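[1] Got a sequence here, can you model it:
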Amino acid sequence: MTVVAILLAAVLAVIAIKLAREVQERETLGIDKQVLLTIHQHATPLLDWLVVHTTNIGGPLVTAIVALCIGLYLAYKREVVRFFILGGSMVGSAGLAFMIKSLIERPRPQLWHHLLPESGFSFISGHATMSMTLAAAVVAILWRTKWRWPAIIVGVLYAGWVGFSRLYLGVHYPTDILGGWVVASAWVLVVTLTIRLVFGDTIKIPFTKKS
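    Modelled structure (predicted):
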(Lines give C-alpha, C1' and ligand atoms only; values in the text may rest on other atoms or scores of the structure.)
Protein backbone atom coordinates (compact mmCIF):
# COMPACT_ATOMS: atom_id res chain seq x y z
CA MET A 1 0.00 0.00 0.00
CA THR A 2 2.89 2.35 0.75
CA VAL A 3 4.31 1.94 -2.76
CA VAL A 4 0.88 2.56 -4.29
CA ALA A 5 0.44 5.69 -2.17
CA ILE A 6 3.86 7.01 -3.19
CA LEU A 7 3.13 6.42 -6.87
CA LEU A 8 -0.27 8.07 -6.53
CA ALA A 9 1.23 11.12 -4.82
CA ALA A 10 3.82 11.38 -7.62
CA VAL A 11 1.14 11.12 -10.33
CA LEU A 12 -0.99 13.78 -8.63
CA ALA A 13 2.03 16.09 -8.32
CA VAL A 14 2.77 15.73 -12.04
CA ILE A 15 -0.88 16.44 -12.88
CA ALA A 16 -0.84 19.54 -10.68
CA ILE A 17 2.31 20.89 -12.34
CA LYS A 18 1.00 20.20 -15.85
CA LEU A 19 -2.34 21.78 -15.04
CA ALA A 20 -0.70 24.88 -13.59
CA ARG A 21 1.41 25.25 -16.73
CA GLU A 22 -1.60 24.94 -19.02
CA VAL A 23 -3.56 27.45 -16.96
CA GLN A 24 -0.67 29.91 -17.03
CA GLU A 25 -0.48 29.55 -20.81
CA ARG A 26 -4.29 30.02 -21.05
CA GLU A 27 -4.72 26.70 -22.85
CA THR A 28 -7.74 25.74 -20.73
CA LEU A 29 -9.56 29.08 -20.87
CA GLY A 30 -11.95 28.16 -23.67
CA ILE A 31 -13.34 25.02 -22.08
CA ASP A 32 -13.28 26.65 -18.64
CA LYS A 33 -15.57 29.44 -19.84
CA GLN A 34 -17.87 27.02 -21.67
CA VAL A 35 -18.37 24.87 -18.56
CA LEU A 36 -19.15 27.93 -16.43
CA LEU A 37 -21.66 29.31 -18.93
CA THR A 38 -23.36 25.92 -19.15
CA ILE A 39 -23.72 25.76 -15.37
CA HIS A 40 -25.02 29.33 -15.27
CA GLN A 41 -27.75 28.49 -17.77
CA HIS A 42 -29.30 26.20 -15.14
CA ALA A 43 -29.28 28.76 -12.32
CA THR A 44 -32.45 29.02 -10.23
CA PRO A 45 -33.45 31.21 -7.24
CA LEU A 46 -33.43 28.14 -4.98
CA LEU A 47 -29.93 27.14 -6.05
CA ASP A 48 -28.81 30.76 -5.69
CA TRP A 49 -29.97 30.78 -2.07
CA LEU A 50 -28.56 27.33 -1.30
CA VAL A 51 -25.14 27.99 -2.80
CA VAL A 52 -24.75 31.43 -1.23
CA HIS A 53 -25.54 30.04 2.22
CA THR A 54 -23.42 26.89 1.99
CA THR A 55 -20.33 27.69 -0.10
CA ASN A 56 -18.34 28.86 2.91
CA ILE A 57 -18.42 25.43 4.56
CA GLY A 58 -15.29 24.98 2.48
CA GLY A 59 -13.79 28.36 3.39
CA PRO A 60 -10.73 28.97 5.57
CA LEU A 61 -12.70 29.85 8.70
CA VAL A 62 -15.03 26.83 8.75
CA THR A 63 -12.38 24.29 7.75
CA ALA A 64 -10.00 25.72 10.36
CA ILE A 65 -12.66 25.48 13.10
CA VAL A 66 -13.60 21.90 12.16
CA ALA A 67 -9.94 20.85 11.93
CA LEU A 68 -9.24 22.50 15.29
CA CYS A 69 -12.10 20.62 16.95
CA ILE A 70 -10.92 17.30 15.49
CA GLY A 71 -7.34 18.13 16.44
CA LEU A 72 -8.30 18.88 20.04
CA TYR A 73 -10.12 15.56 20.25
CA LEU A 74 -7.08 13.72 18.84
CA ALA A 75 -4.80 15.53 21.28
CA TYR A 76 -7.11 14.59 24.17
CA LYS A 77 -6.95 10.95 23.04
CA ARG A 78 -3.15 11.23 22.65
CA GLU A 79 -3.40 10.22 19.01
CA VAL A 80 -0.09 11.85 18.08
CA VAL A 81 0.24 10.45 14.57
CA ARG A 82 -3.30 11.33 13.57
CA PHE A 83 -2.95 14.77 15.14
CA PHE A 84 0.14 15.56 13.06
CA ILE A 85 -1.43 14.16 9.89
CA LEU A 86 -4.39 16.48 10.29
CA GLY A 87 -2.36 19.51 11.36
CA GLY A 88 0.37 19.06 8.75
CA SER A 89 -2.20 18.56 6.02
CA MET A 90 -4.23 21.67 6.86
CA VAL A 91 -1.32 24.05 7.45
CA GLY A 92 0.66 22.83 4.45
CA SER A 93 -2.30 23.02 2.05
CA ALA A 94 -3.06 26.57 3.13
CA GLY A 95 0.54 27.54 2.45
CA LEU A 96 0.57 25.79 -0.92
CA ALA A 97 -2.67 27.45 -2.01
CA PHE A 98 -1.30 30.89 -1.14
CA MET A 99 2.00 30.20 -2.90
CA ILE A 100 0.39 28.84 -6.07
CA LYS A 101 -2.06 31.73 -6.27
CA SER A 102 0.85 34.16 -5.98
CA LEU A 103 2.88 32.36 -8.65
CA ILE A 104 0.14 31.88 -11.26
CA GLU A 105 -1.75 35.17 -10.64
CA ARG A 106 -4.81 34.07 -12.58
CA PRO A 107 -7.64 36.65 -12.59
CA ARG A 108 -11.04 35.44 -11.47
CA PRO A 109 -13.70 34.84 -14.13
CA GLN A 110 -15.97 37.79 -14.87
CA LEU A 111 -18.68 36.16 -16.98
CA TRP A 112 -21.66 37.47 -14.97
CA HIS A 113 -22.45 39.43 -11.83
CA HIS A 114 -21.24 37.45 -8.79
CA LEU A 115 -23.75 36.75 -6.03
CA LEU A 116 -20.82 36.73 -3.60
CA PRO A 117 -17.96 39.08 -4.56
CA GLU A 118 -14.51 37.52 -4.17
CA SER A 119 -11.07 39.07 -4.28
CA GLY A 120 -7.64 37.62 -4.88
CA PHE A 121 -6.39 35.30 -7.59
CA SER A 122 -8.33 32.38 -9.01
CA PHE A 123 -5.92 29.44 -9.40
CA ILE A 124 -6.02 27.40 -7.30
CA SER A 125 -9.35 27.62 -5.46
CA GLY A 126 -8.74 28.03 -1.75
CA HIS A 127 -12.20 26.67 -0.92
CA ALA A 128 -11.67 23.57 -3.08
CA THR A 129 -8.18 23.05 -1.68
CA MET A 130 -9.10 23.35 1.99
CA SER A 131 -12.34 21.35 1.78
CA MET A 132 -10.55 18.52 -0.03
CA THR A 133 -7.67 18.69 2.42
CA LEU A 134 -10.01 18.38 5.38
CA ALA A 135 -11.92 15.53 3.74
CA ALA A 136 -8.78 13.66 2.68
CA ALA A 137 -7.09 14.14 6.06
CA VAL A 138 -10.11 12.73 7.88
CA VAL A 139 -10.10 9.75 5.51
CA ALA A 140 -6.39 9.28 6.19
CA ILE A 141 -6.77 9.24 9.97
CA LEU A 142 -9.76 6.87 9.75
CA TRP A 143 -8.31 4.68 6.99
CA ARG A 144 -7.71 1.63 9.19
CA THR A 145 -11.00 1.82 11.05
CA LYS A 146 -14.58 0.84 10.30
CA TRP A 147 -15.28 4.51 9.58
CA ARG A 148 -13.20 4.52 6.37
CA TRP A 149 -16.05 4.26 3.87
CA PRO A 150 -18.43 6.63 5.65
CA ALA A 151 -15.57 9.15 5.74
CA ILE A 152 -14.89 8.67 2.02
CA ILE A 153 -18.55 9.08 1.06
CA VAL A 154 -19.09 12.16 3.23
CA GLY A 155 -15.76 13.62 2.12
CA VAL A 156 -16.54 13.22 -1.58
CA LEU A 157 -19.98 14.79 -1.16
CA TYR A 158 -18.56 17.63 0.93
CA ALA A 159 -15.65 18.53 -1.34
CA GLY A 160 -17.80 17.99 -4.43
CA TRP A 161 -20.49 20.37 -3.25
CA VAL A 162 -17.98 23.06 -2.27
CA GLY A 163 -16.33 22.78 -5.68
CA PHE A 164 -19.66 22.98 -7.51
CA SER A 165 -20.73 25.99 -5.43
CA ARG A 166 -17.64 27.93 -6.51
CA LEU A 167 -18.39 27.19 -10.16
CA TYR A 168 -22.08 28.05 -9.75
CA LEU A 169 -21.13 31.40 -8.24
CA GLY A 170 -18.79 32.03 -11.16
CA VAL A 171 -15.87 32.94 -8.90
CA HIS A 172 -13.63 30.10 -10.11
CA TYR A 173 -12.91 28.23 -13.31
CA PRO A 174 -13.24 24.41 -13.36
CA THR A 175 -9.45 24.06 -13.57
CA ASP A 176 -9.16 26.13 -10.37
CA ILE A 177 -11.31 23.55 -8.60
CA LEU A 178 -9.54 20.58 -10.15
CA GLY A 179 -6.17 22.09 -9.29
CA GLY A 180 -7.22 22.57 -5.68
CA TRP A 181 -8.43 18.99 -5.39
CA VAL A 182 -5.26 17.57 -6.94
CA VAL A 183 -2.89 19.66 -4.84
CA ALA A 184 -4.80 18.87 -1.65
CA SER A 185 -4.90 15.13 -2.34
CA ALA A 186 -1.21 14.97 -3.20
CA TRP A 187 -0.22 16.96 -0.11
CA VAL A 188 -2.30 14.85 2.29
CA LEU A 189 -0.71 11.72 0.84
CA VAL A 190 2.79 13.17 1.27
CA VAL A 191 2.09 14.25 4.85
CA THR A 192 0.50 10.93 5.79
CA LEU A 193 3.32 8.86 4.32
CA THR A 194 6.02 11.04 5.86
CA ILE A 195 4.53 11.08 9.35
CA ARG A 196 3.84 7.35 9.37
CA LEU A 197 7.42 6.67 8.26
CA VAL A 198 8.79 8.95 10.99
CA PHE A 199 6.51 7.90 13.85
CA GLY A 200 5.63 4.38 12.77
CA ASP A 201 2.14 3.02 13.13
CA THR A 202 1.99 2.13 16.81
CA ILE A 203 -1.10 4.20 17.49
CA LYS A 204 -4.28 3.62 19.37
CA ILE A 205 -7.55 3.44 17.47
CA PRO A 206 -10.33 4.70 19.73
CA PHE A 207 -12.96 4.43 17.00
CA THR A 208 -13.01 0.68 16.56
CA LYS A 209 -11.36 -2.50 17.73
CA LYS A 210 -8.64 -4.13 15.69
CA SER A 211 -9.75 -7.38 14.11
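
[2] tell me, what residue is most central in the chain?
    In the chain, the residue lying closest to the centroid (C-alpha atoms, centre = their mean) is Met132, at 2.3 Å.

[3] and the residue nearest to that one when sequence neighbours are not counted, how far is that from Ala97?
    Counting by C-beta to C-beta, 6 or more residues apart in numbering, Met132 lies nearest to Ala184, which is 3.8 Å off, once chain neighbours are set aside. Any C-beta I mention is one placed from the backbone N, CA and C, and that applies to glycine too. Distance, Ala184 to Ala97, using C-beta to C-beta, to the nearest Å: 8 Å.

[4] Just want to know which of those two has more residues nearby.
    The neighbour comparison of Ala184 against Ala97 (other C-beta atoms under 10 Å) goes to Ala184, with 31 against 25.

[5] in whichever strand or helix holds that one, what counts as buried?
    Using DSSP states H and E, Ala184 sits within helix 174-199. For helix 174-199, a neighbour-count test (16 or more other C-beta atoms under 10 Å) marks 174-193, 195-196 as buried.

[6] For it, enumerate the helices and strands it packs against.
    helix 2-24, helix 29-40, helix 80-104, helix 126-141, helix 148-169 (3 or more C-beta pairs under 8 Å, 6 or more residues apart in numbering; DSSP states H and E).

[7] Give me the phi and psi for Ser119.
    Per-residue torsions, Ser119: phi -120, psi 170 (degrees, to the nearest 10).

[8] now the end-to-end length of stretch 111-118.
    The first and last residues of stretch 111-118 sit 14 Å apart, counting by C-alpha to C-alpha, to the nearest Å.

[9] sorry, that was for stretch 67-83
    Stretch 67-83 has its terminal residues 10 Å apart, counting by C-alpha to C-alpha.

[10] buried set for that stretch?
    Ala67, Ile70, Gly71, Leu74, Glu79, Val81, Arg82, Phe83.

[11] sorry, back to before: what about the helices and strands packed on helix 174-199, which gets the closest to Leu115?
    helix 148-169 (5.7 Å; C-beta to C-beta).

[12] thinking again about what came up before, out of the helices and strands packed on helix 174-199, nearest to Pro60?
    Per C-beta to C-beta, nearest to Pro60 of those: helix 126-141, 6.1 Å.

[13] could you check the angle helix 80-104 makes with that closest one?
    160 degrees (axes from the mean of the first three to the mean of the last three C-alpha atoms, to 10 degrees).

[14] pLDDT averaged over helix 126-141, what's the number?
    The predicted model gives helix 126-141 an average pLDDT of 96.

[15] what helices or strands is that helix leaning on?
    By 3+ C-beta pairs under 8 Å, 6+ apart, helix 126-141 packs against helix 60-76, helix 80-104, helix 148-169, helix 174-199.

[16] need the ones you listed in JSON lines with distance to Leu142 and mean pLDDT, can you?
    Shown next, in JSON lines, are these (distance: least, C-beta to C-beta, whole Å; pLDDT from 0 to 100):
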{"stretch": "helix 60-76", "distance to Leu142": "10", "mean pLDDT": "95"}
{"stretch": "helix 80-104", "distance to Leu142": "9", "mean pLDDT": "95"}
{"stretch": "helix 148-169", "distance to Leu142": "5", "mean pLDDT": "97"}
{"stretch": "helix 174-199", "distance to Leu142": "12", "mean pLDDT": "93"}
